[in-house]
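> everything below, folded, please.
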Amino acid sequence: MIEFKPDMTTYIRTHAVMTVFAMAGGMLILWLIDNPHVWTGAVGGFAAVALRGWYMADEIMDEIWTLNRSNLMGPYERKAQLSDIAKLRTLAGAVQVITTSGDKHLIKYQPDPQAVIDQINSARQKQAG
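Below is the predicted model of the structure:
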C-alpha cells in the first residue's frame, strides 16, 4: 500500500504564488475603479491568502490518499477503482484523477506530481497484466 501525503513545502509555495496573484488582482481592481489607495489591494490580497492558508493547513495536511492493488482511496470516502481511471494529469502541485464516469479527484500538494502519476500507472499495469 502506498500513501500520498500532502507536502507542507508545496503547500506554502502554492500559497506564495496565490498571494502574488491576489495582491496584483486586488491592486488592479482598485486601479480600475480609480481608487487613490491602490496599495491597499496588495495588503488585502496578502491578508486573504495568508488567512486562508493558516486556516486550512491542518485540514489539508490530513488529506491522505492511499493506493492499493485495485483502488485509489482518498479523504471523505473518495474512491476510484484503478480500472475506472480514464486520465491522470498534473495541475500545479496536484494530480487530477478523472474516472471513466467523469468523476474528478485532486491529490493535492504533492512535491512530485509526475511520480504520483507514475506510481498509479504502475499499479494499473500490474492489475491489468
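> ramachandran angles for the closest residue to I117 other than its chain neighbours?
Take I117 and drop its neighbours on the chain: the residue closest to it by C-beta to C-beta, 6 or more residues apart in numbering is L88, 4.7 Å away. Any C-beta I mention is one placed from the backbone N, CA and C, and that applies to glycine too. Note on L88: its backbone torsions stand at phi -130, psi 130 [degrees, to the nearest 10].
> for the chain, what spans make up the helices?
For the chain, helices defined by DSSP state H occupy the ranges 8-32, 39-61, 113-128.
> and these, which one is worst for confidence?
When those are ranked by mean pLDDT, helix 113-128 comes last with a mean of 92.
> please find the angle between the direction vectors of that one and helix 8-32.
120 degrees (axes from the mean of the first three to the mean of the last three C-alpha atoms, to 10 degrees).
> can I have helix 113-128 written out in CSV, keeping just the CAs?
The C-alpha trace of helix 113-128 is given here as CSV (Å, rounded to 0.1, in the frame of the first residue of the first chain):
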residue,chain,number,x,y,z
PRO,A,113,3.1,15.0,-9.2
GLN,A,114,4.6,13.1,-12.1
ALA,A,115,6.0,10.5,-9.6
VAL,A,116,2.5,10.0,-8.2
ILE,A,117,1.1,9.5,-11.7
ASP,A,118,3.9,7.0,-12.5
GLN,A,119,3.1,5.0,-9.3
ILE,A,120,-0.6,5.0,-10.1
ASN,A,121,0.0,3.9,-13.7
SER,A,122,2.4,1.2,-12.5
ALA,A,123,-0.3,-0.2,-10.2
ARG,A,124,-2.8,0.0,-13.1
GLN,A,125,-0.5,-2.0,-15.3
LYS,A,126,0.1,-4.6,-12.6
GLN,A,127,-3.6,-5.0,-12.2
ALA,A,128,-4.3,-5.3,-15.9
